[in-house]
Structure formats: C-alpha cells, structure tokens
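Asker: Using only what follows, build the 3D model:
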Amino acid sequence: MNNSFTRIVFVIIAFTCSRFVYAQQDPQYSQFMHNKLTYNPAFAGNGDKFCATLLQRTQWVGFGGGNEMAGTANPVPRGTAPTNLVGSFSAPIGKRFGLGLNILRDELGFELSVVPSVSIAYKQPLKNDAQLAIGFNAGLMQKSLDGDKLKALEPGDPKIPSAMVKGNATDFGFGLYYTKPQLSVFDNFYAGLSATHLNQSKVTYEWNGGGREVQNVMHYYFVAGAEYNLSSTITLQPNILVKKDPAKIQTDLNCYAIWNQKIRGGLTWRPMDAVSVLAGYQMGNNLYVGYSYDLTTSRILTYSAGSHEFLIRYCFGIKYTPVVRPPVPVLTPRFM
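Answerer: Numbers count the residues shown, from 1 in each chain. Here you go, the predicted model:
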C-alpha cells in the first residue's frame with residue numbers, strides 16, 4: 001500500500017474523533033431481499049412460518065489489517081475492513097401480530113457496534129388477500145472505540161483516546177410492509193418503507209481529558225420486489241432497494257432467475273459502488289443458503305479484492321391440532 005492508504009486511515013480517525021460527528025451509514029447488504037428485518041421492523045412475522053437467519057458480510061477484502069509502513073519506527077495500524085454479522089428471528093403470533101429479534105455486530109476500523117433489538121408488527125388484512133403491516137422496534141446501540149490502536153499526529157493529544165472507550169444509547173425504528181399475492185402479471189409482490197434511528201440518539205465516548213459524541217441520524221429505506229413466471233420452471237424476481245442517509249441516496253437494482261423454486265442466480269448493480277453476483281439454493285421447504293460477491297467499481301478497488309456475503313436461513317411451521325370436544329346434550333323442560 002502507498003501513502004494514500006495512510007491518508008484514508010487518518011481521515012477516518014479524524015471524523016471519528018471530532019467533537020460532534022454523525023454515525024457512519026448503516027451497514028449495506030447485497031442480499032437485502034433476504035434480510036429485511038434488519039432495516040424494516042414491519043417485516044416481523046411475515047408469512048406463516050418461524051424463520052431464523054444468519055448473515056455474514058466481509059466488505060472490501062484486503063482493505064485494512066496489519067500495519068501500514070510495518071517495520072518502520074512509527075507503524076500506522078490500518079484497522080479492520082467493514083465486517084458485519086447479523087442474526088435475526090421472525091415469528092408470526094396468531095394472524096395479526098409478528099415478533100422479531102435482531103442482533104447486529106458491525107466492525108469498522110477500530111470501532112465496534114453491537115445492536116440487539118426487538119420488533120413488533122401488526123398485520124392488517126386488505127382486499128384481494130393483500131396485507132399491510134405496521135412495525136416498530138426498540139434496541140440498544142453499544143459502541144466501543146479501541147484507542148490503544150489510534151496514532152495521534154501529536155503524541156498525547158487529548159482529543160484522541162489512548163485506551164478503549166465505550167458508550168451506548170437507545171435506538172428506535174419504524175416501518176410499513178405491504179404484500180399482495182398477485183398484482184397484474186406479477187406474483188408475490190411486496191413493498192416496504194422504513195426509517196432507522198428515529199430518536200437520533202447520541203453515543204458518548206468519555207476519557208480522561210476529553211470526550212466525544214456520535215449522533216445517530218435517521219436513515220430511510222424503500223424496498224420492493226415481485227415474481228414473474230417465464231415458464232413452468234423459470235421465474236424472474238426483480239428487487240429494488242433505495243437507501244437515503246444525510247449524505248446521499250443509494251440504489252440497489254437486483255434481478256434473480258429462479259429454477260424450479262430451488263436454484264437462484266442473479267446480479268445486483270449498485271451505481272458508483274459495485275456489481276454483485278448472487279447465488280442461492282433452497283433445500284426442501286425449510287433451509288436456504290445464499291452467497292454474493294461484490295466486484296468493487298469505485299476507487300477502493302485499488303485496495304480491495306471485493307466483498308463476500310454468506311447467508312443461511314431456516315424456516316419451520318408449527319401445526320396446531322384443534323381439540324375436538326364431544327357434543328354435550330342440553331336438556332330443557334320443553335323437550336323432556
């Protein structure tokens with residue numbers, strides 16, 4: 001790596017340690033269509049099955065790790081490339097409610113965020129088997145910054161922590177999720193609108209001689225997709241995700257080709273960032289595994305070998321056997 005990488009690291013540190021800064025954009029996912037609960041609480045309990053999902057994303061492989069100028073008198077730690085692990089569980093509660101549990105672990109550079117959250121959704125049936133769900137989630141954002149690995153330009157700078165610092169804050173989100181089994185020529189249509197960090201809480205890092213705040217600002221999401229049957233064996237599934245934070249709007253355009261509802265292959269285009277190749281396989285009715293590889297198209301390509309994402313989901317249903325009670329005769333004076 002050349003000195004450009006060193007400058008990137010110092011820019012990241014400067015933004016992290018300024019007096020008042022905005023949090024980084026929420027983690028992004030190439031397989032966003034399989035991970036909706038993370039950014040839309042109204043997805044909780046969608047469908048009639050209990051589903052557990054685990055997704056691991058390693059972004060910009062080769063970016064970070066080790067020390068820049070290793071072997072010199074003043075090596076500069078590079079930090080960790082964005083690495084994300086999220087686990088979720090979604091369960092229908094009767095016909096009208098849904099419950100979701102989500103745990104997010106996001107590592108970027110020398111900062112680690114862990115966010116457990118609970119989602120509740122209410123599902124309102126509409127005409128023609130359509131459904132509109134309204135969801136809300138509450139979580140606890142826990143952040144830590146490893147000051148031991150930060151190298152200040154001026155040794156002893158009180159604005160740069162020299163040890164591990166931590167902070168936490170409550171976090172809330174809201175969402176709408178609409179589904180319709182058939183819309184014109186499309187099947188299984190869905191559309192969702194949601195916002196994260198509704199309360200725009202602040203995480204405070206404190207240390208001797210200083211302290212810094214990181215504010216979580218609202219992020220907005222719109223997601224939609226459907227299925228179109230090309231033949232009895234091949235189905236196309238287009239999906240779109242639009243993300244907005246205070247800095248920019250980003251769009252993911254995706255299309256899957258599904259063979260016999262089992263084998264998936266697709267492409268996602270994220271303008272000015274990456275092109276993703278996706279693959280997946282449905283094992284029976286319960287287990288699904290997926291993988292995606294992002295080929296970076298931005299200038300980060302100079303430092304990165306792309307991004308990898310692995311997903312596994314297991315869904316199961318619970319059958320309730322109704323209790324059949326024998327009829328009880330009723331005697332009345334009229335029919336003695």
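Asker: Would you mind listing the buried residues in the helix or strand containing residue 291?
Answerer: Assessed by DSSP states H and E, residue 291 sits inside strand 287-296. Residues 288, 290, 291, 292, 293, 294, 296 are the ones in strand 287-296 that count as buried (16 or more other CB atoms under 10 Å). C-beta: built from backbone N, CA, C; applies to glycine.
Asker: Ok, stretch 265-279 next?
Answerer: 266, 268, 270, 273, 274, 275, 276, 278.
Asker: From residue 96, how far off is the closest residue to the fourth one other than its chain neighbours?
Answerer: Ranked by CB to CB, 6 or more residues apart in numbering and with sequence neighbours excluded, the top spatial neighbour of residue 273 is residue 298, at 5.6 Å. Relative to residue 96, residue 298 is positioned 45 Å away (criterion: CB to CB, to the nearest Å).
Asker: Could you list the low-pLDDT ranges of this protein?
Answerer: Flagging of the chain using pLDDT under 70 yields the residue ranges 1-24, 63-80, 156, 209, 319-325, 328-336.
Asker: Neighbouring strands of the strand holding residue 291 in the sheet, and parallel or not?
Answerer: When pairing is defined by DSSP bridges, strand 287-296 lines up against strand 274-283 (antiparallel), strand 307-316 (antiparallel).
Asker: Tell me which residues are up against it.
Answerer: With CB atoms under 8 Å, 6 or more residues apart in numbering as the test, strand 287-296 has contacts from 30-31, 34, 59-60, 264, 268, 270, 273-283, 304, 306-315.
Asker: Same question for stretch 265-272.
Answerer: Against stretch 265-272 from outside (CB under 8 Å, 6+ apart): 28, 30, 237, 250-257, 275-280, 292, 294, 297-298.
Asker: any idea how far the residue nearest the centre of the chain is from residue 250?
Answerer: Closest residue to the average C-alpha location of the chain: residue 38 at 4.1 Å, with CA atoms, centre = their mean. Using CB to CB, residue 38 is found at 16 Å from residue 250.
Asker: can you count the residues close to residue 41?
Answerer: 32 (other CB atoms under 10 Å).
Asker: what sits against it?
Answerer: By CB under 8 Å, 6+ apart, the neighbours of residue 41 are 100, 119, 120, 121, 135, 136, 137, 173, 174, 175, 194.
Asker: got the contact list for the residue nearest to residue 273?
Answerer: 272, 273, 274.
Asker: Could you count how many residues lie near the spatially closest residue to residue 216 that is not a sequence neighbour?
Answerer: Leaving aside its sequence neighbours, residue 216 sits nearest to residue 197 (CB to CB, 6+ apart; 4.1 Å). Residue 197: 20 surrounding residues under other CB under 10 Å.
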